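J.: structure of the sequence below:
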Amino acid sequence: MTTQSDDLHLIERFKDGDNSAFEELILKYQDRIYNLCRHMLGNAHDAEDMAQDSFIKAYQNLKRFRPEASFYTWLYRIAVNTCLDFKKRPFFESLFRTSDKGEEFVLEPISEGPSPEKELETRQMMHALQKGLAQLSPKFRTVLILREMEGFSYEEIAEVLDLSTGTVKSRISRAREELKKSMTKFTEQKRN
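T.: Residues are numbered from 1 along each chain as shown. As a prediction, the model looks like this:
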């Protein structure tokens, strides 16, 4: 059985009332969806929330899923759109998280590495990369993350975003150029 036929089998079980089938789909894709959200949002807490929201949306809409489509790309489209919608929220909203105790301020701690110099250099590079990604328009950032960080093919990206393959290739090329300019500026500033 292929992954697609495995997925379709689980979806049919779910449609027949077996909720454990959806749990199997979650287990199968939760790491990939979380990683996608983490790359798109740059924050573990937001990524967890948006991955969870993506699965909730998938659960709510799974009965309308068309079997001729790939479940994998359908789920990724939901996650991408969920993250893009989240990014449209005002910045201050992303600093708060709802817990059992109500709203609380969230600030992610910076992890310590074995070598302070190497850790600093890595943090600076990651910060520059995140800043460069954040400066890209959502349409460029999304295709670049799907291609470079998630390993999607051009065809899969086209299916997820409902674009032509040519448009995907063009956007990836432009996104790489813009990100390269941003990273070049960072490297030049570091030298001076």
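
J.: so where's this structure uncertain?
T.: Per-residue confidence for the chain (pLDDT under 70) gives these ranges: 1-2, 89-115, 117-119, 121-122, 187, 189-192.

J.: can you pull the buried residues of stretch 144-161?
T.: The neighbour-count criterion (16 or more other Cβ atoms under 10 Å) identifies 144-147, 150, 152, 154, 156-161 as the buried residues of stretch 144-161. All C-beta atoms are positioned from the backbone trio N, CA, C, and that covers glycine.

J.: just stretch 159-174 next, same as before
T.: When burial is assessed from 16+ other Cβ under 10 Å, stretch 159-174 yields the following buried residues: 159, 160, 161, 163, 168, 169, 171, 172, 174.

J.: stretch 60-78 now?
T.: Of the residues in stretch 60-78, those scored as buried under the neighbour-count criterion (16+ other Cβ under 10 Å) are 62, 65, 70, 71, 72, 73, 74, 75, 76, 77, 78.

J.: what does it contact?
T.: Under the criterion Cβ atoms under 8 Å, 6 or more residues apart in numbering, residues 3-4, 7-8, 11, 14-15, 22, 25, 29, 32-33, 36, 54, 57-58, 146, 150, 152, 156, 159-162 lie in contact with stretch 60-78.

J.: okay, and which of those map to helices?
T.: Among those, the members found in helices (DSSP state H) are 3-4, 7-8, 11, 14-15, 22, 25, 29, 32-33, 36, 54, 57-58, 156, 159-161.

J.: show me where this protein has helices.
T.: Counting by DSSP H, residue ranges of the helices within the chain are 3-15, 19-41, 44-61, 71-87, 116-135, 138-144, 154-161, 165-191.

J.: just the C-alpha atoms of the third one, please, in PDB.
T.: What it means is helix 44-61. Listed in PDB are the C-alpha atoms of helix 44-61, where the atom choice follows Å, rounded to 0.1, in the frame of the first residue of the first chain:
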ATOM      1  CA  ALA A  44       7.600  27.100  19.000                       C
ATOM      2  CA  HIS A  45       4.600  28.200  20.900                       C
ATOM      3  CA  ASP A  46       2.800  29.700  17.900                       C
ATOM      4  CA  ALA A  47       3.800  26.700  15.800                       C
ATOM      5  CA  GLU A  48       2.300  24.300  18.300                       C
ATOM      6  CA  ASP A  49      -0.900  26.400  18.400                       C
ATOM      7  CA  MET A  50      -1.200  26.700  14.600                       C
ATOM      8  CA  ALA A  51      -0.400  23.000  14.000                       C
ATOM      9  CA  GLN A  52      -3.200  22.100  16.500                       C
ATOM     10  CA  ASP A  53      -5.500  24.600  14.700                       C
ATOM     11  CA  SER A  54      -4.600  23.000  11.400                       C
ATOM     12  CA  PHE A  55      -5.500  19.500  12.600                       C
ATOM     13  CA  ILE A  56      -8.800  20.900  14.100                       C
ATOM     14  CA  LYS A  57      -9.700  22.400  10.700                       C
ATOM     15  CA  ALA A  58      -8.700  19.200   9.000                       C
ATOM     16  CA  TYR A  59     -10.900  17.200  11.400                       C
ATOM     17  CA  GLN A  60     -13.900  19.600  10.800                       C
ATOM     18  CA  ASN A  61     -13.500  19.400   7.000                       C
END
